[in-house]
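Enquirer: here's a sequence, model it:
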Amino acid sequence: MDNAILQGFLNKGLIDIGGDDTKLDKLSQAAKDLGDALKKNPSKALSYSLIAFDPNAPEDDPVVQEALAALQNRWTTYRNTFAATPIAVIRAILLDALVNAAAEDDRVGVCFIASARNALPLLPVDNERDIWVGIVEQVERRVDARAEEEWATPETLSVQPMKYHVPTLTAPDVKIGEASQTDLQNAMTAAAGPSYHHPQQGGVATGGNPHWPQQQQQWNYEFGKRSGTAIAAAINAAMSEIEVSQPDMAEPFSKLATAVSGYVDDTLKLISAATAGLQRRTNLLWWREALYSPSAGKSYRELPPSVAAALMALDLFETVPLFSPASVSAFLSETVLRLKGAAEGGRRPVRDLVAEAQDHDGLASLRAAAGNLAAAPDGRGPLLALIGHPAHTGARNADYFQRLTGVPASSELDAMAWAGWLFRELQASKAATDASPAKRRSAKKG
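Expert: Numbers count the residues shown, from 1 in each chain. I've put the predicted structure just below:
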């Protein structure tokens, strides 16, 4: 395993293992175990990140205890090396686990980046800045590449030809009719004259034409009439017996209709997927211009700026997919700036903003979404856990605020930063439990 992260903490003097490479290997193994646990359960990514970022993480936090158990499993005598609970070591192996898991699961990357962008600027990690900058940029580039790919609108589309197996059709079955030779012969004989000579019977009356050919006109008329009638009757009799059985075309035409319908449906889905990014951007522009909240059913201008900003974060979150470019957060900030008083409202303590989100009537939809996405406070977690479970023990406790969130009590945010914070937490909380594929498979070029 690459020990660059652990080595970075060693080089900064943040952890001390006495230059013993075997101990470094034990730390690496513990980080791998935590990374494997994270891959199996990405929902841990958010709490892992919030502890990894905080030099003042509480020793009894569940994540700290989990990491200590992993360390104990790989290094049973670690307590002989460290006089107190090695929070810096725990943070280092958690960070290593997060980065390695994020390389295989983009959902972990979303949690990591969201937490980093929110919490790191407020935490006392100046002496670790060199470590964090490179790591955050690396993970963010990977996640943003996936988001840009999913939002992209291709210049051209390749539609494959429709696949249809033409069935082999049987030839029509024709039954040929036949005229009676005897009947036609007798009828023609009767048309020729009143009698004829039979080799055995001698003269036989025909009962037909009463005239002989010598009588010319009389005979001609009778012969033509009687012979025509006889020939027509023979032809009609033969025709009436002709039968043509056509092949059954119902099934082939049914299969063709199904194939065409499926092909058109697949093509429309391809076009819809290809233009989804453009449609999203169009919808976002409309939303920004309208400044209307679909969840509240009113204009954002009817609400206080901080409340409107929080509601904007929720509405944007419910509009865009999990993997969204970093520019979406910037778009949100610019939209908040369109609100009257947002720029002049100044900064407010984060705890006050959380309390407002817990109580304000206009943010009921945010509380409902937060309650569904984030579990009740239990150790380090997002601000959404406090917002979504305001009645939970400790959710409103000032003494527990920093312990449960990692956010220093003195931290302040303006309306734009508050909206971005909530949007990123909503995205991270969704990523922690989302069923999206861990990695996106790039479409094959056709």
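Enquirer: check the burial of S254 by counting its neighbours.
Expert: Here the number of neighbours of S254 (other C-beta atoms under 10 Å) works out to 10. Quick note: C-beta positions are derived from backbone N, CA and C, even for glycine.
Enquirer: ok, which stretches of the stretch 101-250 of the chain are helices?
Expert: Secondary structure of the stretch 101-250 of the chain (DSSP state H, counting those that start in this stretch): helices at 106-119, 129-151, 181-192, 217-240, 250-274.
Enquirer: most tightly surrounded among those helices?
Expert: Of all the helices of the stretch 101-250 of the chain, helix 106-119 has the most neighbours on average by mean count of other C-beta atoms under 10 Å, namely a mean of 27.
Enquirer: could you say what helices and strands that one packs with?
Expert: Where contact means 3 or more C-beta pairs under 8 Å, 6 or more residues apart in numbering; DSSP states H and E, helix 106-119 is packed against helix 45-52, helix 87-104, helix 129-151, helix 415-433.
Enquirer: pLDDT of the helix or strand harbouring Q7, averaged?
Expert: According to DSSP states H and E, Q7 maps onto helix 4-11. Mean per-residue pLDDT for helix 4-11: 84.
Enquirer: list the buried residues in that helix.
Expert: By 16 or more other C-beta atoms under 10 Å, the buried positions in helix 4-11 come out as I5, L6, G8, F9, L10.
Enquirer: what do you get for stretch 47-57?
Expert: S47, Y48, S49, L50, I51, A52, F53, D54, A57.
Enquirer: quick check, nearest of these to K26?
Expert: A52 (18.6 Å; C-beta to C-beta).
Enquirer: the closest residue to that closest one other than its chain neighbours: neighbour count?
Expert: Closest residue to A52 apart from its sequence neighbours, by C-beta to C-beta, 6 or more residues apart in numbering: L94 at 4.1 Å. Using other C-beta under 10 Å, L94 has 30 neighbouring residues.
Enquirer: so L94 touches L34, yeah?
Expert: Yes - between L94 and L34 there is a contact under C-beta atoms under 8 Å: 6.4 Å.
Enquirer: name the residues contacting each of these two.
Expert: Common contact partners of L94 and L34 (C-beta atoms under 8 Å, 6 or more residues apart in numbering): Y48, A67.
Enquirer: give me the distance between P321 and V260.
Expert: Distance of P321 to V260, given as C-beta to C-beta, to the nearest Å: 31 Å.
Enquirer: contacts for stretch 164-180?
Expert: Under the contact criterion C-beta under 8 Å, 6+ apart, stretch 164-180 has outside partners 234-235, 237-247, 249, 251-252, 255-256, 259-260.
Enquirer: please redo it, this time with the cut-off set to 10 Å
Expert: Residues from elsewhere that reach stretch 164-180 (C-beta atoms under 10 Å, 6 or more residues apart in numbering): 186-187, 231, 233-249, 251-252, 255-256, 258-260, 262-263.
Enquirer: now do the contacts for A52.
Expert: If you count contacts by C-beta under 10 Å, 6+ apart, A52 has them with 5, 63, 67, 90-99, 112, 115-116, 119, 132, 380.
Enquirer: show the pLDDT at it.
Expert: Confidence score, pLDDT, at A52: 92.
Enquirer: where do the strands sit along the stretch 251-400 of the chain?
Expert: Assigned by DSSP state E, counting those that start in this stretch, the strands in the stretch 251-400 of the chain fall at 292-293, 298-299, 348-349.
Enquirer: and the last one, what does it pack onto?
Expert: Spelled out, it's strand 348-349. With contacts taken as 3 or more C-beta pairs under 10 Å, 6 or more residues apart in numbering; DSSP states H and E, strand 348-349 sits against strand 412-413.
Enquirer: now do the second one
Expert: Strand 298-299 sits against strand 292-293, helix 305-319, with contacts defined as 3+ C-beta pairs under 10 Å, 6+ apart.
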